[in-house]
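Undergrad: Predicted coordinates and the sequence they were generated for:
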Amino acid sequence: MFQPGQMMDRPLLISGIIEHAAAQFGSVDVVSRETHGPLFRYTYADCAVRSRQLANALKALGLGPGSAVGSIAWNNHRHLEAYFAVSGSGMVMHTCNPRLQAQQLVYIINHADDEVVLFDTTFAPLVKGIAAHCPKVKAWVCLSDGDNTVAVDGVANVLCYEDLIAAHDDRFDWPDFDERTGAALCYTSGTTGHPKGVLYSHRAIVLNALSGCLPGVMSLSPKDTVLPVVPMFHINAWCIPYGAPIAGARLVLPGPRLDGASLHELMEAERVTVTAGVPIIWLGLLQHVEQHGLRFSTMRRTTVGGSAMPAALIAKFAEKYGVEVRHGWGMTETTAVATIGCLTPENELLPPAEQHAIVARQGKSLFGVEIKVVDENGATLPRDGTSQGELLVRGQWIASGYYKGEASPLVDGWFPTGDIATIEPGGIMQIRDRTKDVIKTGGEWISSIDLENAAMGHPDVAMAAVIGVKHPKWEERPLLFIVRRPGQSLGKDEILAFLSERVAKWWVPDDVVFVESLPVGGTGKVQKAELRKQYDGVFS
Ligand code: AMP
């Protein structure tokens, strides 16, 4: 007979995070870049006060448990207050990716039943275009003060955030409820069909945020100042807005300024020790730092994910700037980070190139998440580092279905990710490709990620992408796109010769296209579907 434990049954709720921070780290700073430019600075105690005011304001607007509040906003302090006020009140914080097409935004706002939408002034033109198509939205709240709130042409129900909360009491009794209640909602980018909603529970978010603070993950503590460049509008900014107040770390929010110069300036001015972002943002940052001969005086670690971090960038961070890269993997359906790498003392005895190669893999699953790879019949493949198949995950912060979705996506209780991966005997997972991006040639597979990684190793390459293009004999052949580093004149023969020394002969791309830039989507990924559309048939 099982014995019931005799511990208190306190739910894991998001309101508990901000109240903990206010009580234990009340004087710790939150620094936020206002959309109109200046830095705003307050503490976790102030953040708690204003979150409670917002909770009262939303209640006064007639919202209650289960209501949804949308946001179209940058990483800033008002967005942070909404994270706590909305979920803490038992409502659903629906973060919208502003880079979705207007009709997709309309779709998700209606599908989520958003009753209030919070927006930054940057996105006023977007609101103007969609408001008429979102009849359930009672109020569009501009995340600004009275001086900077913008009128939106043709939209009557626009409120100013500061005016809205000023009128309300800073005391609010956060309700207690089941920790499995929905807290936040994020839609997949949806390159085909409608975006699909993932409804995160309080429990999932709190568990993930706690795990993110672990030394082998992001390592957040009161000693740290963390700057999440990953957007609060996508996958909960990897739960850093929850993890930092749990850990008592200072939190720096970059607002709309995500270019290399602004980020570097902010990191230095605020003595940032930990950052998190997608590789493309770090490319811009490193380019700026290199061009201007700058250093990172306080940054020690960066967590990178969202797409594969090339070994060449890992090497640059580590060797030139003394910054440790923690490379993680996750997706909208996994709340935030699901796997991450961390070098062991044994790894650190290896030559640098071998260490970087380990970091370039996507690491081990966090406690709370299990991973496996399966073949096309669903049979589990060995953890031998070479058998590749679809990656399946399950765990406490993995989606079990889609919001208002009918069919369960699960296969025997596991979530199929659509990523192709290998797992080593020690548990390190490596993403080889997306199922739809892998290049099928002569009955074999070429990993576009591995090819891009190899191309990025050339010093004249700023960015690389590889797609499979239909081929009359081989089914598909790789086509390489290169963005040269400024001032470089790298040619086709040179890059192909470079690659043929690094990959199997049959992997070497059939052609190279030099471009000024690559199409990058709202979550920092190269939009290969667009490239495929444009270059379909070049080998026919
Ligand atoms: P999204 O749901 O838009 O965040 O996209 C999730 C997808 O991004 C995953 O299924 C992967 O294909 C890709 N991804 C995320 N992290 C990595 C990584 N570290 N390396 C390679 N691909 C990644």
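TA: Good, I have the coordinates.
Undergrad: burial of Cys142, as a residue count?
TA: 27 (other C-beta atoms under 10 Å). C-beta here means a position set from N, CA and C on the backbone, and glycine is covered the same way.
Undergrad: what does Pro382 give?
TA: By the criterion of other C-beta under 10 Å, Pro382 has 11 neighbours.
Undergrad: cool, and Asp147?
TA: 8.
Undergrad: do stretch 381-400 and the ligand meet?
TA: No. On the criterion C-beta under 6 Å from any ligand atom, stretch 381-400 is out of touch with the ligand, staying 8.2 Å away.
Undergrad: which parts of that stretch are buried?
TA: The neighbour-count check on stretch 381-400 (16 or more other C-beta atoms under 10 Å) flags 381, 383, 388-395, 397-399 as buried.
Undergrad: same check, this time on stretch 160-175
TA: Here stretch 160-175 shows Cys160, Tyr161, Glu162, Leu164, Ile165, His168, Phe172, Trp174 as buried, counting by 16+ other C-beta under 10 Å.
Undergrad: tell me the phi and psi of the first one?
TA: Here is the backbone geometry of Cys160 (degrees, to the nearest 10): phi -100, psi 130.
Undergrad: Not counting its neighbours along the chain, what's nearest it?
TA: Thr149 (4.0 Å; C-beta to C-beta, 6 or more residues apart in numbering).
Undergrad: tell me the SS of the one you found?
TA: When classified by DSSP: H, G, I helix; E, B strand; the rest coil, Thr149 comes out as coil.
Undergrad: isn't it right next to Asp120, touching?
TA: No. Counting by C-beta atoms under 8 Å, Asp120 is not a contact partner of Thr149; they are 10.7 Å apart.
Undergrad: Between those two, which is the more surrounded one?
TA: Asp120 (27 against 19).
Undergrad: buried sites along stretch 4-17?
TA: So for stretch 4-17, counting by 16+ other C-beta under 10 Å, buried means Leu12, Leu13, Ile14, Ser15, Gly16, Ile17.
Undergrad: can you list contacts of it?
TA: Applying C-beta atoms under 8 Å, 6 or more residues apart in numbering, the contact partners of stretch 4-17 are 83-84, 87-89, 174-179, 183, 202-203, 205-207, 209, 242, 245-246.
Undergrad: which residues does the residue nearest to Cys160 contact?
TA: Here Thr149 is in contact with Thr121, Cys142, Val158, Cys160, Tyr161, Glu162, Asp163 (C-beta under 8 Å, 6+ apart).
Undergrad: what separates it from the ligand, distance-wise?
TA: Distance, Thr149 to the ligand, using C-beta to the nearest ligand atom, to the nearest Å: 31 Å.
Undergrad: Name the residues of this structure found near the ligand, please.
TA: Going by C-beta under 6 Å from any ligand atom, the residues of the chain near the ligand are 188-189, 235, 305-308, 327, 329-332, 362, 417, 419, 431, 434, 523.
Undergrad: which other helices and strands contact the helix or strand bottoming out on mean pLDDT in the chain?
TA: Using mean pLDDT, DSSP states H and E, strand 444-446 stands out as the lowest-scoring helix or strand of the chain, at a mean of 91. The criterion is 3 or more C-beta pairs under 8 Å, 6 or more residues apart in numbering; DSSP states H and E, and there are no helices or strands that strand 444-446 contacts.
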